[in-house]
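Asker: Turn this into a model:
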Amino acid sequence: MFDGSMAMSSHPPSSFRIRLVDGAIGRRRCRPKAWPSTSVLCPKPSSVLLQTTDDLSDSWNSMPARGGGSESPILALPNTVGVIGGVSAVTTIRFLEKLVAWSSRDGGGAAALPFIVCSDPVLNRELSSHKRTSFLLPTSRNTDPVRIDHASVVENLRCKRMFLETSGARCMVMPCHISHSWHDEISEGCSVPFLHVGECVAKELKAANLKPVEAGSNLRIGVLATDAISTARFYSEKLQDQGFEVLLPDKATMEHTVIPAMEAFNRKDVEGARNLLRIALQVLLVRAVNTIILASDDMRGLLPRDDPLLKKCMDPMDALARATIWWADSKANNDQ
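Answerer: Numbering: from 1, shown residues only. A predicted model of the protein is given here:
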């Protein structure tokens, strides 16, 4: 269905060179100075990773002093990517490894694109709690799901976005399905391109010139997500904009395979979760879907790399990584 460049990558490439910037860089205002004085003071980022392709001296010397309040960017390169961390640092690092390996000439990090990453363990815990409870049905035995303040989470993510903007990011990405549920709110007022994983997936599938599985049928794309209400919705909207018919698991499949699979995964019953996931995938495939978008970090890692079902699946974060590299390459070439 896809060539090797579009195959799912559950196991990212080898490690890469990074420079760790201490989280105590200094506090910055969430909004630029031209914004109203009611701006919120962002908490300092818990951790920031800095990756550059050139001599670090110029960028390093331009970093703001701790607590100095300087507005000088950390990086001044035209193709710098700002990465807002996702539910877990591990997931974010996997995305970064793809960026580095796929954007470098030799796959080892040489001449890879520059990036800045902001990851917040406190926010990660909140998003993780939301992830664990978002797929629960009203009839679930869990009668006291964790509640999170969505407005607070969105404002937190917007603060990180604005920190990355003032740090020199010229493009923004979020390798996180849950965060994309609030993409419009987080990206509001953003001064740089803010890639949406759903748009990246839809455009990539459109460019692949897929043929219907059955003669006379439509091009059908399946979306398998643990949070069918929010995550699956934005994928569906982006795919439908490109002319695809979108199929989601029906209620019975969600109740008897998808949700039990995630419950088994949370109990560390990997084999049970894997078998249930296979059933959910096969249910979608018998409905003549061309490919299935695995819109879940947990699902992506469940099946072995050589599982035949993976050939029918697509990792959305792969599409986001490729779109990010395309943007960075086009900016670098335009500025030469």
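
Asker: Strands of the protein, start to end?
Answerer: Assigned by DSSP state E, the strands in the chain fall at 19-21, 47-51, 81-84, 115-119, 171-173, 220-224, 245-247, 291-294, 313-314.

Asker: buried residues in stretch 187-200?
Answerer: For stretch 187-200, a neighbour-count test (16 or more other CB atoms under 10 Å) marks 187, 190, 193-200 as buried. Every C-beta, even on glycine, is put in place using the N, C-alpha and C of the backbone.

Asker: Any chance you could list what contacts that stretch?
Answerer: Contacts with stretch 187-200, where a contact means CB atoms under 8 Å, 6 or more residues apart in numbering, come from 82, 158, 161, 165, 169-175, 177, 180, 183, 186, 234-235, 237-239, 316-317, 319-320, 322-324, 327.

Asker: For PyMOL, what selects the buried ones among the residues you listed?
Answerer: The buried residues among these can be selected in PyMOL (16+ other CB under 10 Å) with this line:
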select buried, resi 82+158+161+165+169+170+171+172+173+174+175+177+180+183+186+234+235+238+239+316+317+319+320+322+323+324+327
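
Asker: Sitting in helices, which of the contacts of stretch 187-200 do you find?
Answerer: 158, 161, 165, 177, 180, 183, 186, 234-235, 237-239, 316-317, 319-320, 322-324, 327 (DSSP state H).

Asker: wait, what's in contact with Val154?
Answerer: 182, 185-186 are the contacts of Val154 under CB under 8 Å, 6+ apart.

Asker: Tell me how many other residues crowd Thr253.
Answerer: 17 (other CB atoms under 10 Å).

Asker: Could you find the closest non-adjacent residue to it?
Answerer: Val283 (5.2 Å; CB to CB, 6 or more residues apart in numbering).

Asker: Can you read off the pLDDT for the one you found?
Answerer: In this model, Val283 is scored at 95, pLDDT.

Asker: got it, and Asn61?
Answerer: So, for Asn61, pLDDT stands at 46.

Asker: returning to that earlier point: what about the strands of the chain, which gets the closest to Val90?
Answerer: Val90 lies closest to strand 115-119 among those, at 10.5 Å (CB to CB).

Asker: Please identify the buried residues of the closest one?
Answerer: 115-119.

Asker: for the protein, what spans make up the helices?
Answerer: Counting by DSSP H, the segments of the chain that form helices are 56-61, 89-103, 121-134, 150-166, 177-180, 183-187, 197-207, 231-241, 251-253, 259-266, 270-285, 297-300, 316-334.

Asker: weakest of those by average pLDDT?
Answerer: The lowest average pLDDT among the helices of the chain, as it happens, falls on helix 56-61, at a mean of 42.

Asker: Could you double-check that Pro249 sits in contact with Thr226?
Answerer: No - the pair Pro249 / Thr226 is not scored as a contact, 10.4 Å apart, by CB atoms under 8 Å.

Asker: Which residues are in contact with each of these two?
Answerer: Common neighbours of Pro249 and Thr226 (CB under 8 Å, 6+ apart) are Val258.

Asker: re the thing from before, any chance of the buried residues of stretch 187-200 in JSON lines, plus distance to Arg94?
Answerer: Formatted as JSON lines, the buried residues of stretch 187-200 follow (distance: CB to CB, whole Å):
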{"residue": "Ser187", "distance to Arg94": "23"}
{"residue": "Cys190", "distance to Arg94": "24"}
{"residue": "Pro193", "distance to Arg94": "22"}
{"residue": "Phe194", "distance to Arg94": "21"}
{"residue": "Leu195", "distance to Arg94": "17"}
{"residue": "His196", "distance to Arg94": "19"}
{"residue": "Val197", "distance to Arg94": "14"}
{"residue": "Gly198", "distance to Arg94": "19"}
{"residue": "Glu199", "distance to Arg94": "21"}
{"residue": "Cys200", "distance to Arg94": "16"}
